[in-house]
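Undergrad: give me a model of this one.
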Amino acid sequence: MSIPRVLHLHSSFDAGGKELRCVQLINAFGRDAEHAIVSADPERRAAAERFSGAAQVSWPEFPSLKGKPLPGRLKRLAAAMAGYDLICTYNWGAMDAVMAHTLFADVYKLPPLVHHEDGFNEDEASGLKPLRNFYRGIALGRSSALVVPSRTLERIALETWHQPRTRVRLIPNGIDTRAFSLPPKRDALPRVVKRKGELWVGTLAGLRPVKNLPLLVRACRDLPEEWQVVIGGEGPDRDAILAQASACGLVHRLHLPGQVEPAKATALFDIFALSSLSEQFPISLVEAMAAGLPIAAPRVGDIAAMVATENGPYLCAPGDEAGLAAAITALAGDQALRKRIGEANRAKARAEYDEGRMIERYRALYWGLMNRAGVAR
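TA: Now for the predicted structure:
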């Protein structure tokens, strides 16, 4: 039996939500498939550190995913996709490859393509761009499936990108919920130790403008002295976050440990907070729920539907600094409330967002398409 070869096309392979889910699936599939991964930015491959020993991964040479969608360039992209059994593309950064597949699938006898949409960067956080919507609608014309993790994205795919219902697949992200129930170690993070008597407001995010992290710093500035702010992740907004902390007199209580292992970091938090301008189905929020944390966050994407009912009053409008500060302050001031909401979130995460269900749905989709295309398992 031949082992199927899957090509994954990413704009980057940093340790963000879509990349870590890709790693999670590849690890779960183990030796059942070989995976070729392309990162349009070769310097950004932090998620690759999470591959297990069983993962069969290569990094092939590939035409740039960046550039104008001219016919010659699209044809080169299509030619480079030949010889695989399945093509997986991710977000807007790979949309030219999706268009290339639609235009030249017959010429190069290309395999089925599954496109994955997980959300939008800061350039579309306040509204989708009409030209991109038009381009997406055409580019996705011959894709076999469009996978989205949230009901918000499902609605956009159907109503804005005009995709047929039979193409759109809603598969919520899942995690190993039990891994987030382990007792935390106070020294589990690089460069920061949780000291006795400290309480932490924490988040895990790429340090990018769409995450609006300077607002989170401002929302925490009036918390009592024992409350620390911990922001795990890397990105271009690091200096802006530090500058905001300096302006708020919060530098001595702000910690930026860089990339961290979510299960170890999240378990140390007492409150999980998001301040994003745009999210869809943030996996970091599911991790926080599984760790039994209360959440203060904006009502963006599916967040309001994701959290337990008890957590609903501690959500605010996007960009509402006063609302986020009020939610964090209320949770910080009531330990019993934090525990009650956290346990409700943990129960919902285990019931609805465990990784086993997600992995089997992806396996059924991928192998179903490959078997129909004549790939033996």
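
Undergrad: what number of residues lie near the nearest residue to residue 162 once chain neighbours are set aside?
TA: The shortest distance from residue 162 to any non-neighbouring residue, by Cβ to Cβ, 6 or more residues apart in numbering, is to residue 137 (5.2 Å). Bear in mind the C-beta positions are built from the backbone N, C-alpha and C, glycine included. Counted with other Cβ atoms under 10 Å, the neighbours of residue 137 add up to 14.

Undergrad: my read: residue 137 touches residue 158, true?
TA: No: the pair residue 137 and residue 158 does not pass the contact test of Cβ atoms under 8 Å, sitting 11.3 Å apart.

Undergrad: same question for whichever strand or helix holds residue 75, mean pLDDT?
TA: Assigned by DSSP states H and E, residue 75 falls within helix 71-80. Taken as a whole, helix 71-80 carries a mean pLDDT of 98.

Undergrad: got the buried residues for it?
TA: Residues of helix 71-80 classed as buried by neighbour count (16 or more other Cβ atoms under 10 Å): 73, 74, 75, 76, 77, 78, 80.

Undergrad: out of the residues you listed, which comes closest to residue 54?
TA: residue 80 (26.7 Å; Cβ to Cβ).

Undergrad: need the contact list for the closest one.
TA: Counting by Cβ atoms under 8 Å, 6 or more residues apart in numbering, residue 80 touches 62, 63.

Undergrad: ok, now residue 249?
TA: Neighbour list for residue 249: residue 221 [criterion: Cβ under 8 Å, 6+ apart].

Undergrad: before we move on, what SS does it have?
TA: Secondary structure for residue 249, judged by DSSP: H, G, I helix; E, B strand; the rest coil, is coil.

Undergrad: which parts of the stretch 251-377 of the chain are strands?
TA: For the stretch 251-377 of the chain, the strands defined by DSSP state E, counting those that start in this stretch cover 254-258, 271-273, 295-298, 315-316.

Undergrad: go ahead and confirm residue 286 touches residue 302.
TA: No: assessed by Cβ under 8 Å, residue 286 is found out of contact with residue 302, at 10.5 Å.

Undergrad: more neighbours, those two?
TA: Between residue 286 and residue 302, residue 286 has the larger neighbour count (other Cβ under 10 Å), namely 28 against 20.

Undergrad: residues contacting the nearest residue to the more buried one once chain neighbours are set aside?
TA: Excluding the flanking residues, the one nearest residue 286 by Cβ to Cβ, 6+ apart is residue 353, at 4.8 Å. Listed by Cβ under 8 Å, 6+ apart, the contact partners of residue 353 are 172, 173, 174, 175, 177, 286, 289, 290, 306.

Undergrad: cool, and residue 298?
TA: By Cβ under 8 Å, 6+ apart, the contact set of residue 298 is 274, 275, 276, 277, 279, 315, 316, 317, 318, 319, 320, 324.

Undergrad: over to residue 38?
TA: Counted by Cβ under 8 Å, 6+ apart, residue 38 has contacts 7, 8, 9, 10, 59, 60, 62, 65.

Undergrad: nearest to residue 37, of those?
TA: Nearest member of these to residue 37, counting by Cβ to Cβ, is residue 8, at 4.8 Å.

Undergrad: surely that closest one forms part of a strand?
TA: Yes: under three-state DSSP, residue 8 falls within a strand.

Undergrad: so it makes contact with residue 36?
TA: Yes: under the criterion of Cβ under 8 Å, residue 8 lies in contact with residue 36, with a separation of 6.9 Å.

Undergrad: of the two, who's got more company?
TA: Neighbours per residue (other Cβ under 10 Å) separate residue 8 from residue 36, with residue 8 holding more: 23 against 18.

Undergrad: grab the nearest non-local neighbour of residue 330.
TA: In space, residue 330 is closest to residue 314, 6.7 Å off (Cβ to Cβ, 6+ apart).

Undergrad: quick one: the helices in the chain, in order.
TA: Ranges of helices in the chain, per DSSP state H, are 17-29, 71-80, 95-108, 130-139, 151-159, 213-219, 238-247, 262-266, 283-290, 303-306, 321-332, 335-352, 355-372.

Undergrad: which residues of the chain score low on pLDDT?
TA: Along the chain, the model assigns pLDDT under 70 to residues 1, 122-123, 125-126, 372-377.

Undergrad: what about 80?
TA: Across the chain, the ranges flagged by pLDDT under 80 are 1, 120-127, 372-377.

Undergrad: now do the domain split for it, please.
TA: Here the domain parsing of the chain from automatic domain parsing is 5-174+355-372, 177-352.

Undergrad: wait, residue 304 sits on residue 314?
TA: No: at 10.9 Å, residue 304 does not count as touching residue 314 under the criterion of Cβ under 8 Å.

Undergrad: which one of the helices of the chain is the most hemmed in?
TA: Ranked by mean neighbour count, these are led by helix 283-290 with a mean of 27 (mean count of other Cβ atoms under 10 Å).

Undergrad: who are the packing partners of it?
TA: Packing contacts for helix 283-290, counted by 3 or more Cβ pairs under 8 Å, 6 or more residues apart in numbering; DSSP states H and E, involve helix 17-29, strand 199-204, helix 262-266, strand 271-273, strand 295-298, helix 303-306, helix 335-352.

Undergrad: so which of these is nearest residue 371?
TA: Closest approach to residue 371 among these is made by helix 17-29 (14.6 Å; Cβ to Cβ).

Undergrad: the closest one versus helix 283-290: what angle between them?
TA: 70 degrees (axes from the mean of the first three to the mean of the last three Cα atoms, to 10 degrees).

Undergrad: helix 17-29 packs against which elements?
TA: So helix 17-29, by 3+ Cβ pairs under 8 Å, 6+ apart, packs with strand 5-10, strand 86-90, helix 283-290, helix 355-372.

Undergrad: which one of those lies nearest to residue 343?
TA: Using Cβ to Cβ, these put helix 283-290 closest to residue 343, at 10.3 Å.

Undergrad: which residues touch that closest one?
TA: Contact with helix 283-290 is made by 17, 20-21, 173-175, 177, 179-181, 203-205, 262-263, 266, 269, 272, 274, 279, 295, 297, 303, 306-308, 345-346, 348-350, 353, as judged by Cβ under 8 Å, 6+ apart.
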